[in-house]
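Enquirer: Need the 3D shape of this:
(chains A and B)
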Amino acid sequence: MTTLTDAPKESFRPSMLLYDSRYRAITIQIVALIGFLTLFGWLINNTAQNLADLGKEPSFGFLGESAGYDINQKLIDYQNQDTHLRAAFVGLLNTLLVALLGCIAATVVGVLVGVLRLSHNWIVARLMTIYVEMFRNVPVLLWIVFSMAVLIETLPAPRDFRGDSPEASMLLNDSVALTNRGFYIPEPLFSRSLGDIHLFGASSLRFDVSLDLIAILSTLIAGFLVSGLLVKRANRIQAATGDRPKTWYWQLGVIVVPTAAILAVLGFHLGYPELKGFNFQGGTYMRNSLIALWLALSLYTAAFIAEIVRAGILAISKGQTEAAAALGLRQSRIMRLVILPQALRVIIPPLISQYLNLTKNSSLAIAVGYMDITGTLMGITLNQTGRELETVLLTMLIYLTISLTISSVMNVYNNAVKLKER
Amino acid sequence: MKDVSYVRTEMLPEQDPPASTSGVIGWMRQNLFDGISNSILTLASLAFIYWVLSHFIPWFWSPTWSGGSLNQCREIVAEAGKESGACWGVINERWPQILYGFYPQELRWRPNLAFALMFVALIPILFSMISRRMNWFLLALVLFVATLFVGSGWLLIVAQIALVAAMVWTGWQIVTINGADRAEQIKGGAKRLPNPLFFTATYVFLMPWLLWGGSIWAPIATALGFAVGWLAYRLLSPIIGGLGALIVAIIAPVIWWLFLVGPVAAGINAILPIELEPVQSRYFGGLLLSITIGVVAIAVSLPLGIILALGRQSDLLLVKWMSVGFIEFIRGVPLITLLFVASFLLNVFMPPGTNFDIILRVIIMATLFSAAYIAEVVRGGLAALPKGQYEAADALGLDYWKAQRLIIMPQALKISIPGIVSTFIGLFKDTTLVSIIGLLDPIGLSNSIRADVNWNGIVWELYGFIALLFFIFTFSMSRYSMYLERRLRTDHR
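Expert: This is a model prediction of the structure:
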């Protein structure tokens, strides 16, 4: 007779924690966790002790105190008796402003250079290579300080515009003044303005939204929607009859005419900068630090974007172009319908990470005195309040939020366009 | 009927292709004047190039090397009858500062030697085609040249004689035995020269000593920490088993570094003082500072980044989360915030009373920064490897680390070379950010030079010079990466 017995039960030995693969993973993770917590606890303990020795209990109360410094370039109203929080908010908007301007300019220049670098024209291709290598291989901070220095040293001072025979003159029919203090450009004004909405009352985050802007933007968006409908209708007709009705003048009309109408209703006109006394008055003033930062960041990032665009176009195999040509598509349609949709899948992810880099590099504004979030919160506020820990952490948190937002948008996009392999 | 058909019976002689499709003209027609728009582009580019050069060359060619201030330069240019010209006096006066910062002038042989030795130490890592004999010959040569500038004394003469002997010996071998013969000899069991990587390992401890000076026993005692760990493992593993010995071998060097290095080094130094004059960090500046920070951060961030990438790819959830958290945090914030941490907060994070060097603090943060980016690049390389490679390694019975070391990493790193090198280039460029926290790298110095009364208003010459310095380094790094890719390419195209 045979009896069925269980295999002898293996007793647990401590060495199994390391040599038995069933337990080893857990052991390693627990050791890693303990190590991590110990390190973290040690750092926090040290910090608490050091701060207590200095008599600086961590607190964010300073954000509510009066800042007491001026900010020379601002998008929203701010006086020096406003709070540090308000100053940080102004700085954040300045960061976003230069990031947005920079991304637009960098994309335009980058795409142009990237495409031209693939040009058959030998000289143009070489010139673009020189541009790319020149900007990629020199630190961006150098470009920023250099642009600032060039603006200050080479452009005329406002006083040079004075007198009967001035040394310098304004451009474009006396509407734009390029001075070493910054650029003065015409500003949009509305004589029958709808006024502003005041958000957040009188708090530090108060924010005015111009109703004029909302009206114009909604008209534009509505125009684009209608023009989209027109295209759809044209597609339908083309599918049914084979003939595509001409729609471009209708498309243009539904966008331009209502926009022009609303501008007329609002009494849109431009306010030109004028020389009064020793400086220009009126118009929109873009400080030289903003211009220098914008210029340097966009030209620097454009060099990287050019390489991304070039790589994206080269990544599409020649067979695609040839197949499209065999179908009888013409050159412009091959680009628009076959190459670009595929190249964009390759181009967009690194492109967005370049936008992210540009936004992070905009923190170098502090080197030329542009008051972005680094210049306000981590610059003057830090120096005035002595709250190193809190300001640096807050600044990091803000940048982290911006970065994570952009990269989560990128992930959504990536999932939408990625090749669906089944 | 007359037959009109005609059959040629002899070959026509070969004719040259039409002049318009061959030679210079053909090339120009194809590449420059291919259609109207292309021709316009070409003419516009030529006009642009002419415009740039016609301004640049006369400006560049200006005899102002000896100008002592911007005004003197302008006088010289006016005397030469030119409208505008570069003021090279500022480069003439300030180039030592842009290169070395405020490093004491009589001690500048030390950074020079350190960087000459750095190239020798890098040879075995970077270039496989340079033989060991050549490497040792170069080392002896660099050291001999250095001895000529150091000073005098009988000890130095002995060293010089030894170095000359070494040079003659290795040089004689290089001249008399060619590479192929030498390879035969080695195959036949001839004794080889020691691996130059030994010098590379030594250099890691030599470089800080040369740059910062102080007692030689401090780096030696630090290096001894590794020997302590090795000894502990060797002696204890027969007694308490491999695991216990391993734990001791990790703990013992840490104790050594934390508590014993200082007293031991000081003790030996009291008996046998071998010292270089110490140079404090605040005298470091210029390109010297950029290279110091860049090189150390590059060297440390690569292994750290690989470990982070492995952590992120790991099956161990906790390890994975920690790696992801670290990488995403670092990549989400600008470097300048991390440098502010180095400048303001790192001392606050340490036990009360610690106050360690600002350059070291910056290096730590720059290393962490670059490691996160390297980790992402290496992760891309790991992801690009076909799954079959992992499975094949498992099927061979290799454990995790062996599989990584022998199968996965060599391939993944090869794929990620361009990304790794461009991260390094980025890091080297980003060392300029230290000027914002008050260190005097070339850009920090440029601000103070431009604030000088003599040079107030100078722009192009100064920034052009600094840009050129950086360009030389970054451009050669990118060319090296292309060379490396070609060398490691195993697919046949």
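Enquirer: ok, now which ones touch the nearest residue to residue A:339 once chain neighbours are set aside?
Expert: Among residues not flanking residue A:339 along the chain, residue A:316 sits closest, at 5.4 Å (Cβ to Cβ, 6 or more residues apart in numbering or on different chains). Placement of C-beta: from N, CA and C, glycine included. By Cβ atoms under 8 Å, 6 or more residues apart in numbering or on different chains, the contact set of residue A:316 is A:339, A:342-343, A:346.
Enquirer: For the helix or strand bottoming out on mean pLDDT in chain B, list every residue counted as buried.
Expert: None of the helices or strands of chain B scores lower by mean pLDDT, DSSP states H and E than helix B:179-187, at a mean of 79. Within helix B:179-187, the residues that qualify as buried by neighbour count (16 or more other Cβ atoms under 10 Å in any protein chain shown) are residue B:182.
Enquirer: what's in contact with it?
Expert: B:131, B:133, B:173, B:177, B:192.
Enquirer: now it, how far from the chain's geometric center?
Expert: Distance of helix B:179-187 from its chain centroid, counting by Cα atoms, centre = their mean, to the nearest Å, is 32 Å.
Enquirer: give the contact list for the closest residue to residue A:73 other than its chain neighbours.
Expert: Take residue A:73 and drop its neighbours on the chain: the residue closest to it by Cβ to Cβ, 6+ apart is residue A:287, 4.6 Å away. Counting by Cβ under 8 Å, 6+ apart, residue A:287 makes contact with A:72-73, A:181-182, A:370.
Enquirer: can you pull up the bridge partners for residue A:287?
Expert: residue A:182 (DSSP bridges).
Enquirer: Domain map for chain B?
Expert: Structurally, chain B divides into domains by automatic domain parsing as follows: B:108-276, B:283-444+B:461-488.
Enquirer: So which of these is nearest residue A:281?
Expert: domain B:283-444+B:461-488 (33.4 Å; Cβ to Cβ).
Enquirer: can you tell me the average pLDDT over the closest one?
Expert: Averaged over domain B:283-444+B:461-488, pLDDT sits at 91.
Enquirer: Please, where are all the strands along the stretch 251-400 of chain A?
Expert: A:268-271, A:274-276, A:279-281, A:284-287 (DSSP state E, counting those that start in this stretch).
Enquirer: which SS class is the residue most central in space within chain B?
Expert: Taking Cα atoms, centre = their mean, the centroid of chain B lies closest to residue B:295, which sits 5.2 Å from it. The three-state assignment at residue B:295 reads helix, by DSSP: H, G, I helix; E, B strand; the rest coil.
Enquirer: quick revisit: which member of the contacts of helix B:179-187 is positioned nearest chain A?
Expert: residue B:131 (31.8 Å; Cβ to the nearest Cβ).
Enquirer: Backbone torsions only: list them for the closest one.
Expert: phi -70, psi 170 (degrees, to the nearest 10).
Enquirer: Enumerate every residue touching it.
Expert: B:174, B:179, B:182.
Enquirer: I figured residue A:114 was touching residue A:303, is that so?
Expert: No. The pair residue A:114 and residue A:303 does not pass the contact test of Cβ atoms under 8 Å, sitting 9.6 Å apart.
Enquirer: hang on, the earlier thing: give me the buried entries from the contacts of residue A:287.
Expert: Looks like these have A:73, A:181-182, A:370 buried, using 16+ other Cβ under 10 Å.
Enquirer: ok, the residues you listed vs chain B, which is closest?
Expert: For the buried ones among the contacts of residue A:287, the nearest to chain B is residue A:370 (12.9 Å; Cβ to the nearest Cβ).
Enquirer: Grab the nearest non-local neighbour of the closest one.
Expert: That would be residue A:289: by Cβ to Cβ, 6+ apart, it lies 3.8 Å from residue A:370.
Enquirer: Wait, the one you found touches residue A:148, no?
Expert: Yes. With contact defined as Cβ under 8 Å, residue A:289 reaches residue A:148; the gap is 6.5 Å.
Enquirer: Who has more neighbours out of those two?
Expert: residue A:289 (27 against 22; other Cβ atoms under 10 Å in any protein chain shown).
Enquirer: how near is the more buried one to residue A:374?
Expert: Distance check for residue A:289 against residue A:374: by Cβ to Cβ, to the nearest Å, it reads 13 Å.
Enquirer: Contact partners for the spatially most central residue of chain A?
Expert: Of all residues in chain A, the one closest to the mean position by Cα atoms, centre = their mean is residue A:99, 3.4 Å from it. Neighbour list for residue A:99: A:355, A:358-359, A:362 [criterion: Cβ under 8 Å, 6+ apart].
Enquirer: ok, and the most crowded of those?
Expert: Top of these by neighbour count (other Cβ under 10 Å): residue A:362, with 27 neighbours.
Enquirer: shouldn't that one be in contact with residue A:97?
Expert: No. Using Cβ under 8 Å, residue A:362 is not in contact with residue A:97, being 9.2 Å away.
Enquirer: quick one on the thing from earlier: give me the phi and psi for the residue nearest to residue A:339.
Expert: phi -80, psi 120.
Enquirer: any idea how far residue A:213 lies from residue A:223?
Expert: Residue A:213 is 16 Å from residue A:223, by Cβ to Cβ.
Enquirer: And these two? Which one has more around it.
Expert: residue A:223 (19 against 13).
Enquirer: what's the closest non-adjacent residue to that one?
Expert: Nearest non-adjacent residue to residue A:223 (Cβ to Cβ, 6+ apart): residue A:255, at 3.8 Å.
Enquirer: Please apply the same query to residue A:263.
Expert: residue A:216 (7.0 Å).
Enquirer: is it true that residue B:357 touches residue B:281?
Expert: Yes. In this structure residue B:357 lies within contact range of residue B:281 using Cβ under 8 Å: 5.0 Å.
Enquirer: Give me the more crowded residue out of the two.
Expert: residue B:281 (17 against 13).
Enquirer: Distance check, the more buried one against residue B:359.
Expert: Counting by Cβ to Cβ - residue B:281 and residue B:359 are separated by 5 Å.
Enquirer: next one: residue B:317
Expert: Distance from residue B:317 to residue B:359, by Cβ to Cβ: 38 Å.
Enquirer: Closest to residue A:267 out of the contacts of residue B:131?
Expert: residue B:179 (84.7 Å).
Enquirer: so how far does stretch B:30-39 reach from one end to the other?
Expert: Using Cα to Cα, to the nearest Å, one end of stretch B:30-39 lies 11 Å from the other.
Enquirer: so what's residue A:379 up against?
Expert: Applying Cβ under 8 Å, 6+ apart, the residues contacting residue A:379 are A:366, A:371.
Enquirer: List the buried residues of the lengthiest helix in chain B.
Expert: Identified as the longest helix of chain B according to DSSP state H is helix B:217-255. Judged by neighbour count using 16+ other Cβ under 10 Å, the buried positions of helix B:217-255 are B:217-222, B:224-225, B:228-229, B:232-233, B:236-237, B:245-246, B:248-249, B:252-253.
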